[in-house]
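1. what would the 3D arrangement of this be:
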Amino acid sequence: MTGRPEADPQPNALTPAWPERAAWGTAPSLRAWQSAAMKQYFETHPRDFLAVATPGAGKTTFALSVAAELLGRRIVDRVTIVAPTEHLKLQWAEAAARAGMPIDPTYAAGKGKTSQDYVGIAVTYAGVAVNPLAMRIRTERFKTLVILDEVHHAGDALSWGEGVREAFEPATRRLALTGTPFRSDVNPIPFVTYAPGDDGIPRSVADFTYGYAHALADHVVRPVLFLAYSGEMQWRTRAGDEIAARLGEPLTKDMTNQALRTALDPKGSWMPAVLAAADKRLSEVRRHVPDAGGLVIATDQDSARAYAKLLKGITGESATVVLSDEKLASKRISEFSANDTRWMVAVRMVSEGVDVPRLAVGVYATTTSTPLFFAQAVGRFVRARTRGETASVFLPSVPLLLGHASEMEVERDHVLGRTITNEDDIFAAENDLLAQANATEAASSELEFSFEALGSEARFDRVLYDGGEFGHSGEVHVGSEEEMDFLGIPGLLEPDQVRELLHSRQSERAKKQKASRRSEEAADSLAEVSTHEQLAILRRELNGLVAAWHHRTGQAHGITHAALRKECGGPAAAVATAEQLRARIDRIREWALRKTS
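-> Next up, the predicted model:
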């Protein structure tokens, strides 16, 4: 075979030791966690190894480094990569090619041979399940390393797990990878070790874990701002009843689902408002990161196309639409990754594993709300390129989603022996086999929750960041200055700077609300006295504020009164109306707040 490695002259090195280094490429520089995992791997010499690393941490580089070392030591002579989707096969092949390791992403189980130019193949879990025996024969013919990317997919369907086990049981080495929280179900994942937990229920045991919190501290991933939007929803049930509810308020599960679907209806007002807000945020980020891009994750293809149309109206620029059943889907993702256009809209296709490092702003516009899918979706935005980059994800104020956002740092094992609940619903993969298996269940769910969206209105609710909530002291109108306080956060800040700025904005907002309440209370008390007394009270309040401004700034009283008249209009305070005096009082309070900030 062309490029076959010779005997390893340095068997204990942690870099490939092929004489034909120029032909195979050079080993990439490794992050600290990748080096630690490599060291552990080659000290223990495991046949099976499970690495759990947060999205964006560099699982691909780690796995390819292991593969290169095993090839260099002649421990294996072939590599088989199993990925969840067709696009990820191509992505793995491209990454391997950059590392000097040619992988065939077009291989099919019944194909048998592949070109001698390749050192390995890339296949999908669905493809393995179709003909596991053919894959087993190939695995037996060579000393094979099998890389199981996002290995939790081997538990998606019983046939997938059985296929993976049959095909790769003879493998010399198996390296399993996952970057998302495991779910609970009854199907064990092949080649994963389980041990009884404190409750006696078997749980997966990872050989190496690198969680989001650790990666964030190492500046390997970006911190995430979650911007939550609530608002009034109206819909009509199948029985003909018209219901109005506020998204984010405590509701029954059915009503929460219906309120969420009403919000995501492209014909309502909620989605256009949130998309416009997300585009404002993207514009702010692009001031500091010119090629930053945005991604809308939609529930279905019709919604995706409708969202793209809304974005065209907002930005004047066509959005890239990626649908998993289209032949050009992978090409469109690659083109979007390489250019600097603003928005991409997709249905699940880019929810897992797909690497578009310039994605910085996301809109979570799907009804799928499992921890697994949420983590996969958010993982598209956290890959760090430059220190100071921050990801921003817009989402509905649904308790379950807000809970996921606040638990980004939680690490989960795969738990066996528990019946799947609705909230732990199986992640519907893009592959046709699993989609068909779930079709009956989806149709039943659609019938149960049948309804007609009548209208929606968006309100900015709060920001979730670093385990804290900001801005959650009363909803504000979309497009307001208070909303822009958060949308306008600079796109290039260190995590502690983001935290300090959020606390500052929160404090400023609280002061404004307190001042507004005082004004309302004063207005209420003034309404109970005569016009003469009202004017006297307002003039005294204004004069007191002007005096305080003088002590603070040294500016003469007359100059301050003149400046207020210039900004607010009207005659001198002695003959001004109550409305004119209130406007000046509010304005000088705004000056004081700005000076305090």
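2. could you pull out the helices in the stretch 451-597 of the chain for me?
-> Using DSSP state H, counting those that start in this stretch, the helices found in the stretch 451-597 of the chain span residues 481-487, 495-526, 531-553, 557-568, 578-596.
3. give me whichever of the ones you listed is most buried.
-> Sort the helices of the stretch 451-597 of the chain by mean neighbour count, taking mean count of other C-beta atoms under 10 Å, and helix 481-487 sits at the top with a mean of 19. Where C-beta positions appear, they are placed from N, C-alpha and C, glycine not excepted.
4. elements contacting it?
-> Applying 3 or more C-beta pairs under 8 Å, 6 or more residues apart in numbering; DSSP states H and E, one finds that helix 481-487 contacts strand 224-237, helix 270-288, strand 459-465, strand 476-477, helix 495-526.
5. before we move on, back to that, nearest to residue 152, out of the helices of the stretch 451-597 of the chain?
-> Among those, helix 495-526 comes nearest to residue 152, with 28.8 Å by C-beta to C-beta.
6. follow-up on the earlier one: a markdown table for the helices and strands packed on helix 481-487, including distance to residue 557 and mean pLDDT?
-> Formatted as a markdown table, the helices and strands packed on helix 481-487 follow (distance: least, C-beta to C-beta, whole Å; pLDDT from 0 to 100):
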| stretch | distance to residue 557 | mean pLDDT |
| --- | --- | --- |
| strand 224-237 | 43 | 93 |
| helix 270-288 | 40 | 96 |
| strand 459-465 | 39 | 91 |
| strand 476-477 | 35 | 82 |
| helix 495-526 | 21 | 70 |
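7. I'd like to know which of the ones you listed lies nearest to residue 369.
-> Judging these by C-beta to C-beta, what sits closest to residue 369 is strand 224-237, at 13.5 Å.
8. then that closest one to PDB, C-alphas only?
-> Extracted in PDB, the C-alpha atoms of strand 224-237 (Å, rounded to 0.1, in the frame of the first residue of the first chain):
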ATOM      1  CA  VAL A 224     -22.400  31.600  26.100                       C
ATOM      2  CA  LEU A 225     -24.900  34.400  26.700                       C
ATOM      3  CA  PHE A 226     -28.400  33.000  26.600                       C
ATOM      4  CA  LEU A 227     -31.000  35.700  25.700                       C
ATOM      5  CA  ALA A 228     -34.500  34.500  26.700                       C
ATOM      6  CA  TYR A 229     -37.700  36.000  25.200                       C
ATOM      7  CA  SER A 230     -41.200  35.600  26.500                       C
ATOM      8  CA  GLY A 231     -44.500  37.200  25.500                       C
ATOM      9  CA  GLU A 232     -48.200  36.800  25.000                       C
ATOM     10  CA  MET A 233     -49.400  33.800  22.900                       C
ATOM     11  CA  GLN A 234     -52.900  33.100  21.600                       C
ATOM     12  CA  TRP A 235     -54.000  29.900  20.000                       C
ATOM     13  CA  ARG A 236     -57.200  27.800  19.300                       C
ATOM     14  CA  THR A 237     -57.300  24.200  20.400                       C
END
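9. direction included, what does the very next helix or strand once past that strand pair up with?
-> Remark: after strand 224-237, the chain's next helix or strand is strand 242-247, criterion DSSP states H and E. Take DSSP bridges as the rule and strand 242-247 pairs in its sheet with strand 224-237 (antiparallel).
10. what's the angle between the strand it pairs with and helix 270-288?
-> Angle, strand 224-237 to helix 270-288, by axes from the mean of the first three to the mean of the last three C-alpha atoms, to 10 degrees: 170 degrees.
11. now strand 224-237 against strand 459-465, angle please.
-> 140 degrees.
12. domain map for the protein?
-> 21-216, 222-419+448-493, 529-596 (automatic domain parsing).
13. got any ranges where the stretch 301-450 of the chain has weak pLDDT?
-> Along the stretch 301-450 of the chain, segments meeting pLDDT under 70 span 325-326, 348-354, 409-450.
14. can you give me the helices for it?
-> 301-315, 329-338, 371-378, 399-406, 432-448.
15. columns distance to residue 569 and mean neighbour count on top of these, output as a markdown table?
-> Converted to a markdown table, those look like this (distance: least, C-beta to C-beta, whole Å; neighbours: other C-beta atoms under 10 Å):
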| stretch | distance to residue 569 | mean neighbour count |
| --- | --- | --- |
| helix 301-315 | 35 | 18 |
| helix 329-338 | 51 | 18 |
| helix 371-378 | 49 | 23 |
| helix 399-406 | 44 | 18 |
| helix 432-448 | 58 | 13 |
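16. looking at the ones you listed, spot the one closest to residue 465.
-> Among the helices of the stretch 301-450 of the chain, helix 399-406 sits nearest to residue 465 (C-beta to C-beta), with 9.2 Å.
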